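Visitor: Take a look and give me a structure for this.
(chains A and B)
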Amino acid sequence: MYNDLNRKNTKGFDARLIIYYLLLVFIGWITIYSTCYIPDGTNAIFDISKPYCKQLIWIGSSFLIAIVILLIDKQLIQHYAYHFYIICLFLMVLVLLIGTEISGAKAWIKIGEFSIQPTEFMKVATALALAKFFNEGKTSTEKRYVWLIVGGIILLPVMIIMLQHDAGSALVFASFIILFYREGLSGSLLILVFIAAFLAVFTLKFNELYAIALLTAVFIGFMIKDRTQKKLMRRDVIVFIISIVFVFSVNLLYENVLEPHQKIRVATILGQTSDPKGADFNLNQSKIAIGSGGFFGKGYLKGTQTKLKFVPEQSTDFIFCAIGEEWGFVGTLVVFGLYLALIYRILSLSEKSRIPFVRYYGYGISGIIAVHFFVNIGMTIGLVPIIGIPLPFLSYGGSSLWAFTTMLFIFIKLNDN
Amino acid sequence: MQDRKRYFVVLAILAVLALVYLIRLFNLQVLNKTYKVKANQNALRYITEHPARGLIYDRNDSLLVYNDAAYDIMVVPNELREFDTMELCRVLDITKEDVRKKIEKAKKYSYILPSIFEQQISKEDYGFLQEKMYEFPGFFVQNRTLRSYPNPIAAHILGYVSEVNEQDMENDNYYQMGDYIGKSGIEKAYESVLRGEKGRRVVLVDVHNREVGRYENGAEDVVAVPGTSIWSTLDLQLQRYGEELMAHKRGSIVAIEPKTGEILCLISSPTYDPNLLVGTARPKNYAMLLEDPKKPLFNRALMASYPPGSTFKLANGLIALQEGIVTPSTIYSCSGGGYHIGNHVVHCHNCGGLNIYSAIQRSCNSYFCRAYYNILSNRRKYKNVQDAYTAWLDYMHSMGFAQKYETDLPYELKGSIPTAEYFDKKYNKSWNGNTVVSMGIGQGEAAVTPLQMANMLAVIANKGYYIKPHVVKAIGKKDNLNTQFSEKIVSKIDPKHFQTVLEGMKLVVTSGTGRGAQIDGITVAGKTGTAQNPHGADHSVFALIAPADDPQIVIFCLVENGGFGASVACPIASLMAEKYLKGEVKRTDLENRMKELSFR
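Guide: Residues are numbered from 1 along each chain as shown, chains lettered A, B, ... in the order given. Modelled structure (predicted):
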């Protein structure tokens, strides 16, 4: 099997992916510079107290990581996939014990000036572990327990993340559904997930009674349609009962599991509260910043909303606000173009690759990048509740940049043929 | 192929998601304009730069009105966040309840426009607050100017400024809550000149409401244009001197430079210190002045109508001459102690037979009653008394009576001389010259303002015309003359008749009723008057033109309840003329006596 990977090790690495990566990192850095830029100040680039200077260090070290990955034997990557997973898992547990709490989530290990977030690396490790597990061929058998192992690989880190109160990062692990779908998960299961998601949103937006009314209507429709077939009617009844239980459990989860601030964020997105000065201040300011950019934007370093700190976390989770404000819809299009091209490139290379491991890994990480991208931007424009996850490659932060660099360059290395 | 299909499904899901996002973003960034407005509301603060109001000088470049610096605390309700109320209360020395009320009031006006929270704080408080302003989001300090008066004079003419009311803001959208506007006098009449143009400074504020810099390097800023200065026609020295002379008295002095219609002084007594109507004390002081039984706010020079008294005889004499009723040599005898109408006698001083010169000199009632009767009974010219009366009224109009000048004076009164229709109604159409003969000597129904009387003197001094009396000489620069009011208004009296009246007036001063008006080295023409007052002692009246041969100044002086014209108004008018023409007054004894006189 290792021989598969060693075939055709002569051609270069995928140049397009590297270019997309460099462009995104570059856009990220100039945007971070802009968010910290003080109009009448000195803004020296090599001022270690400034995030843009620190980010230069992160970028430099990321390049080192990338080079190291491109140089090592790709067999090692596959070989040590489980080890990497276990180590990350161990770090995650360590965080629970000795971690530092930053903005509500106990997800950081502080080492001197710097903090690292093992969760970011856990995503890479999980993708690798899943790829390796899939590659062992066990999933093609019909044995159900195999899928239990797959679920375990994902749920183990998710549970620890939940214990860290970092619901946003936990959500990212749902992205592996794309990999499962590609590798044979029933299409109707995918549809079921969408229906469940719809039902959950519907229940929260209105209430259980409306949801039950809707379900009843659909149920009666099916009963009439299936009135001649007893078997189908029995199925309908079971699905109906499960749905009702689901609806109630959604509310139960919402009321009991979510933290108060998370409940408010969800309620804001569902349009149930309006409090521009209070709970949805951040979302409102974020929309104002992006919306005020117009078509061409206000110009680089000329954004007022981001510069004057109306937008929170503007170099990290809300970095898209600065882009939207200063570069306008044009900037939006460029950023979307780059991400979609990147994701498309990973998917299409995965699809073309004759090495299944590459495909498993490629689908895994494109799901992670896509979820990060859509959730992060969705929250800045009010399509998704505010969930604190970074925009890959762009957001300020060492852990995130290192992890995504590692993630991408492992793919580039694996795909190198 | 199954796998290949799933690849496309994944791509399709991503594409649909991306499309939804891009539509949302296009709507947010390109279609929806409200975010741009909100962004500016967030980050930009428009600070109004209030220009200094124009200064007001007197005719000799002495400062009458200037500006003092003041600081207002402004509040923008929409930008309010939590702040330390106690701290603010402590600094401004107000109660928590005050804070609440003031914010409520500001909210009523506007959530996004600034309102005044506390006016004119002290320089010390300003210094202290400026440091701490960031602790009070939604508040900021605005520089202002306040009117100040180096000499506490001419309050009625200068007028005052106060905060705009809702009506003002409705009439002119230039004004915003907290702006000042001229409410009376020159401040009101020349508001658009004096106010200048407000400027605007656009600054960036951060989320904590701290000013962090100028927006676009000041490209959007508008520089405030300072108000234009004005040169008044007033003579500061004369105005102040007149106010001193009129102290403890009720009445008025109006002095005009006849050639130009420029008002040299306009005194209404009792008056008030214009500094009272400045700043935070204004409402309180205004109420106090309003309630004062002496009515210091009432501008007698323009708003009080008096019976004109004997000075009216000058106008009637001119009309009689013009109508050919008398000539300079016509002699009316005044036998039997006065003018007899049936059993009624208009008393006189047994003057004997008089021509017009002596009649003016001695203020002969009989002469002017007869002349007036004859004007109204001139059936060769007018077919009835109504026509004759209307012709007489026309002459009066042409000399500026019974009308407003509507120049730049605040709130003048029209005065009133009844029309023929009025008497038709009153006497059921059966009346004649004798019925209304008291108007011939300035009593009866006629009511005039001191300003109108002064204007009549200007007509005499100019020998036939007047220029509407006004108080602003030049705008912007001293040689940039205010030409709005330069039109000569010619009376219906032939110029040749004026010399006759002037000669009579000279006699008044040399050897008649107004000898007290004599000034060393200057030929003074004058006319005494004693306006009958049904409410109390008669008003003392004097009309003065000096120098008689080249009139530089005409003065009308009226002292309420002052008695005979010769006793009070005459010396005061004379002192005024001396002050103006000679620069200083030699007759200090008289001056002191007049200053101390009181008619209460």
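
Visitor: can you count the residues close to the closest residue to chain A within chain B?
Guide: Residue of chain B nearest chain A, by C-beta to the nearest C-beta: B:Y35 (2.6 Å). All C-beta spots, glycine's among them, are computed from the backbone N, C-alpha and C. By the criterion of other C-beta atoms under 10 Å in any protein chain shown, B:Y35 has 23 neighbours.

Visitor: Toward the C-terminus, what is the element adjacent to the helix or strand hosting B:N455?
Guide: Using DSSP states H and E, B:N455 falls within helix B:450-461. Note on helix B:450-461: by DSSP H and E, the next helix or strand toward the C-terminus is strand B:465-467.

Visitor: follow-up on the earlier one: let me see the mean pLDDT of the helix holding B:N455.
Guide: Here helix B:450-461 scores 95 as its mean pLDDT.

Visitor: What helices and strands are in contact with it?
Guide: strand B:251-257, helix B:300-303, helix B:312-322, strand B:465-467, helix B:496-511, strand B:539-546, strand B:553-559 (3 or more C-beta pairs under 8 Å, 6 or more residues apart in numbering or on different chains; DSSP states H and E).

Visitor: how distant is that helix from the center of its chain?
Guide: 18 Å (C-alpha atoms, centre = their mean, to the nearest Å).

Visitor: circling back: and the residue of chain B closest to chain A, how far is that from B:N27?
Guide: Note on B:Y35: its distance to B:N27, by C-beta to C-beta, to the nearest Å, is 10 Å.

Visitor: where does chain B come near chain A, residue by residue?
Guide: B:3-4, B:6-7, B:9-11, B:14-15, B:17-18, B:20-22, B:24-26, B:28-30, B:32, B:34-36, B:38-40, B:42-44, B:204-208, B:212-213, B:215 (C-beta under 8 Å from any C-beta of the partner chain).

Visitor: Tell me the buried residues within these.
Guide: Buried subset of these (neighbour count, 16 or more other C-beta atoms under 10 Å in any protein chain shown): B:6-7, B:10-11, B:14, B:17-18, B:21, B:24-25, B:28-30, B:35-36, B:38-40, B:42-44, B:204-207, B:212-213, B:215.

Visitor: The helix holding B:N455 vs helix B:312-322, what angle?
Guide: Per axes from the mean of the first three to the mean of the last three C-alpha atoms, to 10 degrees, the angle that helix B:450-461 makes with helix B:312-322 is 40 degrees.

Visitor: In CSV, could you pull the C-alpha coordinates for helix B:450-461?
Guide: In CSV, the C-alpha atoms belonging to helix B:450-461 read as follows (Å, rounded to 0.1, in the frame of the first residue of the first chain):
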residue,chain,number,x,y,z
PRO,B,450,-40.8,110.5,19.7
LEU,B,451,-39.1,109.0,16.6
GLN,B,452,-41.7,110.5,14.4
MET,B,453,-41.3,113.9,16.0
ALA,B,454,-37.6,113.8,15.6
ASN,B,455,-38.2,112.8,12.0
MET,B,456,-40.4,115.9,11.5
LEU,B,457,-37.5,118.0,12.8
ALA,B,458,-35.3,116.4,10.2
VAL,B,459,-37.8,117.4,7.5
ILE,B,460,-37.5,121.0,8.8
ALA,B,461,-33.7,120.9,9.0
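
Visitor: where does the stretch 351-500 of chain B dip in pLDDT?
Guide: Low-confidence segments of the stretch 351-500 of chain B (pLDDT under 70): B:351.

Visitor: in it, which spans are strands?
Guide: Residue ranges of the strands in the stretch 351-500 of chain B, as given by DSSP state E, counting those that start in this stretch, are B:352-354, B:465-467, B:472-475, B:488-490.

Visitor: Let me know which of the ones you listed is the nearest to B:D58.
Guide: Ranking the strands of the stretch 351-500 of chain B by proximity to B:D58 (C-beta to C-beta) places strand B:472-475 first, at 9.0 Å.

Visitor: by contact count, what packs against the closest one?
Guide: Packed against strand B:472-475 by the contact rule (3+ C-beta pairs under 8 Å, 6+ apart) you find strand B:230-232.

Visitor: So what touches the strand it packs on?
Guide: For strand B:230-232, the surrounding residues in contact (C-beta atoms under 8 Å, 6 or more residues apart in numbering or on different chains) are B:54-59, B:61, B:64, B:157-158, B:186, B:190, B:193-194, B:471-475, B:478.

Visitor: likewise stretch A:30-39?
Guide: Here stretch A:30-39 makes contact (C-beta under 8 Å, 6+ apart) with A:43, A:45, A:50-52, A:55, A:300-301, A:303, A:306-307, A:314-315, A:319, A:322-323, A:326, A:394, A:396, B:204, B:212-213.
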